[in-house]
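Q: Need a 3D model of the sequence below.
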Amino acid sequence: MPPRITPLTDPEPTASSRRLAWLASDAEGAPVGSAYLRLFTKEGQDHRAELEIAVHPAERRKGVGGALLDAAVVAARGDGRRSLVSEARADSPGDRFLAARGFRRVLALTFARLPLPELDLRAVTGITERPHSGYELTHWDGVVPTELAPTYADSRRAMDDMPMEDSDQGIDVWDVERVVAVAEVVRERGDALHTVAVVDRSDGSIAGFSELVVPGDGRGDAQHYGTGVLPEHRGHGLGLWMKAESIRLARLRYPELTGLLTDTADSNAPMIGINDTLGYRPTHRTLEYRLDL
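A: Predicted structure coming up:
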């Protein structure tokens, strides 16, 4: 007997997306799976939808995942979306499910971790102390300082040409209002956002940035968010400089942190090289799949 698919009510939309949700249940009404469809609403990304499906291991190969997928595809098409993307850990049931359902693999991400107890702080400090002619490092906690906000928002375009293979990410549009809002969201959930940036001394503008989010209690693993250098400033080692400074500050300020987490597209050779230099160790890979609608 096919599962029953019930639409659910999801929380209020965010500034950049809204979500639809479905619950799959068996003949007795017991939940056996769920699906969430994120519909991006920001300019430059409103052509895509992102799908997450979960099916109880005991209920797999009974049509549950397929029924949830069908509901999500109908909804995404009805909303005028161009592509539907979903992510799965490599060699997992989700990986095999998406491949069998007509999705094509468009991006591979390698996740890595830097174990802080083993960190050679002297070596990292040595990287941060190397001069870079025409540039200087700065950093702040939480919301960007007012005087830096305009050029920091402008510097976010450093991520626009980040190697993302054929994932159809679109252009992520940033302004001062959005960078402030993101920092406030991190603060409201109890975590700490720390940003290291490179300033171009010739005009005081930000040439690149590296973000780190630390758990509110300062323990466990922190997560790197974006790291990017504007195209006109690349080739000077600024990415390594910033990330090393982010690591150094985290180690000094949060002695109970155990690791730093990052993820990088397999095609992003420059960032993989930076991570290797700094001692990050791969932990696993995820694959992004895309269904053209």
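
Q: now the strands for the stretch 101-250 of the chain?
A: 104-115, 135-141, 192-200, 205-214, 220-229 (DSSP state E, counting those that start in this stretch).

Q: Can you check which of the ones you listed gets nearest to K42?
A: strand 220-229 (15.5 Å; Cβ to Cβ). C-beta coordinates here come from the backbone N, C-alpha and C atoms, glycine included.

Q: tell me which residues of the closest one are tucked away?
A: In terms of neighbour count (16 or more other Cβ atoms under 10 Å), strand 220-229 has its buried residues at A222, H224, T227, G228, V229.

Q: just stretch 129-144 next, same as before
A: Result for stretch 129-144 [16+ other Cβ under 10 Å]: buried residues Y135, L137, V143, V144.

Q: And the contacts of it?
A: 128, 148, 152, 179-180, 183-184, 186-187, 192-202, 207, 233, 236-238, 241-242, 245-246, 249 (Cβ atoms under 8 Å, 6 or more residues apart in numbering).

Q: what stretches of the stretch 101-250 of the chain score poorly on pLDDT?
A: 162-171 (pLDDT under 70).

Q: Recalculate using a threshold of 50.
A: Across the stretch 101-250 of the chain, nothing is flagged by pLDDT under 50.

Q: average pLDDT across stretch 284-293?
A: Across stretch 284-293, pLDDT averages out at 95.

Q: residue contacts, the nearest residue to P31 once chain neighbours are set aside?
A: Nearest-residue entry for P31: S25, 5.4 Å, with adjacent residues in sequence omitted and distances by Cβ to Cβ, 6 or more residues apart in numbering. Contacts here follow Cβ under 8 Å, 6+ apart; on that basis S25 touches P3, R4, T6, P31, V32.

Q: Please list only the buried members of the contacts of stretch 129-144.
A: Buried, going by 16+ other Cβ under 10 Å: 128, 148, 152, 179-180, 183, 186, 192-200, 207, 233, 236, 238, 241-242, 245-246, 249, out of the contacts of stretch 129-144.

Q: still on that earlier bit, tell me what the residue nearest to P31 is bridged to.
A: Beta-bridge partners for S25, by DSSP bridges, are R4, P31.

Q: From D10, how far out is it?
A: Here S25 is placed at a distance of 18 Å from D10 (Cβ to Cβ, to the nearest Å).

Q: Can you pull up the most central residue in the protein?
A: Y225 (6.3 Å; Cα atoms, centre = their mean).

Q: What does the pLDDT read for the residue nearest to P31?
A: For S25, pLDDT reads 95.

Q: Run a quick neighbour tally on the closest residue to A21 other than its chain neighbours.
A: In this structure, A21 finds its nearest non-sequential neighbour in L8, 4.1 Å apart by Cβ to Cβ, 6+ apart. Look at L8: counted by other Cβ atoms under 10 Å, it has 12 neighbours.

Q: One more: L212?
A: With other Cβ under 10 Å as criterion, L212 counts 25.

Q: Any idea what it is bridged to?
A: H194, H224.

Q: I'd say it and L260 touch.
A: Yes - L212 is in contact with L260 according to Cβ atoms under 8 Å; the separation is 7.1 Å.

Q: re the thing from before, export the strands of the stretch 101-250 of the chain to a markdown table and tack on distance to P270?
A: Formatted as a markdown table, the strands of the stretch 101-250 of the chain follow (distance: least, Cβ to Cβ, whole Å):
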| stretch | distance to P270 |
| --- | --- |
| strand 104-115 | 14 |
| strand 135-141 | 17 |
| strand 192-200 | 15 |
| strand 205-214 | 12 |
| strand 220-229 | 9 |
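
Q: I'd like to know which of these is closest to S267.
A: strand 104-115 (7.9 Å).

Q: Quick one: list the elements packing against the closest one.
A: If you count contacts as 3 or more Cβ pairs under 8 Å, 6 or more residues apart in numbering; DSSP states H and E, strand 104-115 packs onto strand 257-265, helix 269-278, strand 281-292.
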